[in-house]
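# Requesting a structural model of the entry that follows:
(one chain, ligands or ions: 1)
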Amino acid sequence: MTDARLPATLLTGFLGAGKTTLLNAMLADSSAGRIAIIVNEFGEAGLDHDLIEAVREDVVLMQSGCLCCSIRGDLSRTIAGLLERKSKGEIAFDRLVIETTGLADPGPILQTLVIDTVLSRTVRMDGLITVTDAANGPATLDAQFEAVSQVAMADLIVLSKTDLVSPDEVEGFKARLHHLNPGVPILKAVRGEGIAARLWGLAGNRTDVAPARAMAWAKGPAPSVDPLMNLSGLSPATPTPLRSAHHDARIGSASIVLDDPIPDEVFDIWLDTLITLRGPDILRVKGIVFLTDMEKPFVFHGVQHIFERPVPLSNWSGDDRRSRIVVIARDMSRPEIQASLDMLRARMSSGRVRQSEQKDASA
Ligand SMILES: Nc1nc2c(ncn2[C@@H]2O[C@H](COP(=O)(O)OP(=O)(O)OP(=O)(O)O)[C@@H](O)[C@H]2O)c(=O)[nH]1
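As a prediction, this is how the structure comes out:
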């Protein structure tokens, strides 16, 4: 089954990191088809394209109330308008790129694509790309938590301005980025050159995704060596030390690999509990999940309390039936997140014990 929804790429990165430069490199590359662009600020310079729309974030910012809801309305209307013009034959495009302002939290935009009932049927998230600047990036991460969040949430990081610093500085910065977002691919690029063809199809949440791509997307930090460590009370009481920069230390991530299929209700309860207790702090949860009695796995993806309906992976083949879940959160240490994931494992184990007790009783 092919996923016919329009792929949407979210392009984020801090002020001056090189987003517009990368966008121009994307536009110059025809391999991905025609691209419609939405920028959420006015006055973008240097884009020689006829499909530029503006979401009026300046208006949004003046409104009181929930900023994410305001962006959501504007963005939905803008995308709906583009799609309408497309259906009338006024414009043609094969994919969408949404460039955020440097300060924007990508969360509400990702959520919009999931929560808007019309949009979620017609548009799918193709990937969140964060541009980070090798020259100013380290200082930006020290100064701005939004920049740290953008790095932590990315499906792909493009490292710009590597021509302005030494190879050692580049490597040091890459290590820091990997600390914030373990497993994320990082592409070095000077002015976006040479990477345009590698910016698409990043997310695993489409039904026709290649299994290897979905697996790479759902890759997180290595799970704790002993999965029962936190349950046995032996986990360190203090968070795993990250870097001295306090913004970095606010980001935690952990992952789990489960050998056995997960009962539907166990997975739902785990997710509900995580969202209820820590919803606002969840930057991303993503994974490939095998549910009990289901032949194909599902890919799921969420930001804060908003979760996309799980997408069945129709192309899945092979014997690997292990579920993989990654959680990236702010103000949660890795042991805390790991403890939540271990709870999922524990619920599965207790479910198995109950099942075998029932079998014994009926024997
Ligand atoms: N040396 C060097 N300069 C770069 C590179 N990428 C971008 N620049 C320059 O950095 C400046 C900022 O780039 P933009 O692409 O406008 O950055 P932006 O993220 O869109 O900026 P805002 O829209 O202000 O957030 C421009 O002068 C670019 O020419 C790079 O890899 N190397």
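
# Residues of the protein that sit close to the ligand?
13, 15-21, 102, 160-161, 163-164, 190-191 (Cβ under 6 Å from any ligand atom). Just so you know, the C-beta spots here come from the backbone N, C-alpha and C atoms, and that holds for glycine as well.

# from the residues you listed, which has minimum pLDDT?
In terms of pLDDT, the lowest of the residues of the chain next to the ligand is G102, showing 65.

# about what we covered before: please pick the buried ones from the residues of the chain next to the ligand.
Listed as buried from these are G13, G16, A17, G18, K19, T20, T21, G102, S160, K161, V190; burial here means 16 or more other Cβ atoms under 10 Å.

# on that earlier part again, what's the farthest-apart pair in the residues of the chain next to the ligand?
G102 and D163 (20.8 Å; Cβ to Cβ).

# can you give me the strands for the protein?
Here the chain has its strands, by DSSP state E, at 6-13, 35-39, 52-54, 95-99, 123-133, 156-160, 186-188, 251-258, 282-289, 298-303, 306-307, 311-312, 323-330.

# tell me the angle the second one makes with strand 6-13.
Per axes from the mean of the first three to the mean of the last three Cα atoms, to 10 degrees, the angle that strand 35-39 makes with strand 6-13 is 40 degrees.

# Give me the helices and strands touching strand 35-39, please.
Counting contacts by 3 or more Cβ pairs under 8 Å, 6 or more residues apart in numbering; DSSP states H and E, strand 35-39 packs against helix 19-28, strand 52-54, helix 67-87, strand 95-99.

# do that again at 6 Å, thanks
Judged by 3 or more Cβ pairs under 6 Å, 6 or more residues apart in numbering; DSSP states H and E, strand 35-39 is in contact with strand 52-54, strand 95-99.

# Pick out the shakiest of those, pLDDT-wise.
Averaged per stretch, pLDDT over the helices and strands packed on strand 35-39 is lowest on strand 52-54, reaching a mean of 40.

# what bits of the stretch 51-200 of the chain have low per-residue confidence?
Scanning the stretch 51-200 of the chain for pLDDT under 70 picks out the ranges 51-72, 102-103.

# how about a cut-off of 90?
By pLDDT under 90, the low-scoring segments of the stretch 51-200 of the chain are 51-87, 89-125, 143-146, 149, 153, 179-184, 196-197.

# Pull the number of nearby residues for the residue of the stretch 251-363 of the chain found nearest the ligand.
Nearest to the ligand, among the residues of the stretch 251-363 of the chain, is L283, at 20.6 Å (Cβ to the nearest ligand atom). Neighbourhood size, L283 [other Cβ atoms under 10 Å]: 25.

# ok, Q338 to W200 distance?
33 Å (Cβ to Cβ, to the nearest Å).

# quick one, which of those two is more surrounded?
Counting neighbours by other Cβ under 10 Å for Q338 and for W200 shows that Q338 has the greater number, 26 against 20.
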